[in-house]
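> no letters, just coordinates:
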C-alpha cells in the first residue's frame, strides 16, 4: 500500500500568505467599510464637470496601455428640450442575457445596440434606475494592479451615471461610450454598460435629462431622467 505524500508545512504557510496578499490587494476602503472590491472607484463629486481633459494622453485597461494621441473633444450638438409626454414614453432596457440595449418611445423600438456589461464577478446590477447626471466626458478608474484588473480611462465619452434607492450614485454605475475594447456582445466591464461610442452618442442625446444647450447636465425635478430597466443574467462565457 502506497503512502500519501504529506504537504510540507512550510508550503501550506506560504500558500496561505500568498492568498492573503491577493485578497488584501482587492480591499478598498469604501463607505461600506472594508471588503473585496476591485470594480469602479467611488465617484468624486467635486469632479463632475464633464470637460475633456487634454493633459491625459494614455489610458490603462487590465494590463494594456492605450495611447490617446488622436483623442479630441467632440462638438456640442444642440438638442431640443424634451416635452413631458416624450419623457413619459421613453425608456431604456438593458438585457444582460443577450448583451443588448434597447431604447423605446412607447411601443416603438428606437435603438437596438450590442453592449458589454459587467463580468460575472462585477455584475451590472438589475432593477429599475434613473440617470442622476450626464457627462460628456469623465475619467473612470478602478480595479487592482496586483490582481491585473487595474484600469484608468480618461475622457470616457457620453456618460450617463444611474442609481436607485438601493444603488447610490457614488458607486459609479453608468452607460457610456467605449474606446478601449471592441469585444461587444460579451461581458467586459467592472459593472458599467459599455456601448460603441457612436451608439452611446445617439443614446446620450436621445435620453433625458435634456441638455438644455449644455454638454453635461445634472438631473433635476424639472428635468428628470429616462427610466433604465436592467434585467437578465450575465453570461459566464
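All right, it came through fine. Because the structure is predicted, anything quoted here is derived from the model rather than measured. Numbering: from 1, shown residues only.

> how near is the residue nearest in space to the middle of the chain to residue 156?
Among the residues of the chain, the one closest to the centroid is residue 192, at 2.2 Å (CA atoms, centre = their mean). Residue 192 sits 9 Å away from residue 156, taking CB to CB, to the nearest Å as the criterion. Backbone N, C-alpha and C define where each C-beta goes, glycine included.

> give me the phi and psi angles of residue 171.
Main-chain dihedrals, residue 171, degrees, to the nearest 10: phi -70, psi -20.

> I should have written residue 170 there, sorry.
Residue torsions, per degrees, to the nearest 10, at residue 170 are phi -70, psi -10.

> count the neighbours of it for me.
Per other CB atoms under 10 Å, the neighbour tally for residue 170 reads 14.

> quick one: pLDDT of it?
For residue 170, the pLDDT comes out at 91.

> same deal with residue 111?
Reported pLDDT for residue 111: 98.

> doesn't residue 207 make contact with it?
No: contact criterion CB atoms under 8 Å: residue 111 and residue 207 do not qualify, at 9.8 Å.

> quick one: which of the two has more around it?
residue 207 (23 against 17).

> how near is the residue nearest to the more buried one when sequence neighbours are not counted to residue 220?
For residue 207, ignoring the flanking residues on the chain, the nearest one in space by CB to CB, 6 or more residues apart in numbering is residue 226 at 4.4 Å. Per CB to CB, residue 226 is found 14 Å from residue 220.

> ok, back up a step: thought the residue nearest to the centre of the chain was touching residue 176?
Yes: with contact defined as CB under 8 Å, residue 192 counts as touching residue 176 (6.2 Å).

> check the average confidence over the longest strand along the chain, would you?
Determined from DSSP state E, the single longest strand within the chain is strand 127-142. Confidence over strand 127-142 (mean pLDDT, whole number) is 94.

> do a quick rundown of the helices in the protein.
9-25, 84-89, 197-206 (DSSP state H).

> and the nearest residue to residue 135 once chain neighbours are set aside, how many neighbours?
Among residues not flanking residue 135 along the chain, residue 50 sits closest, at 3.7 Å (CB to CB, 6+ apart). Around residue 50 there are 17 other residues, counting by other CB under 10 Å.
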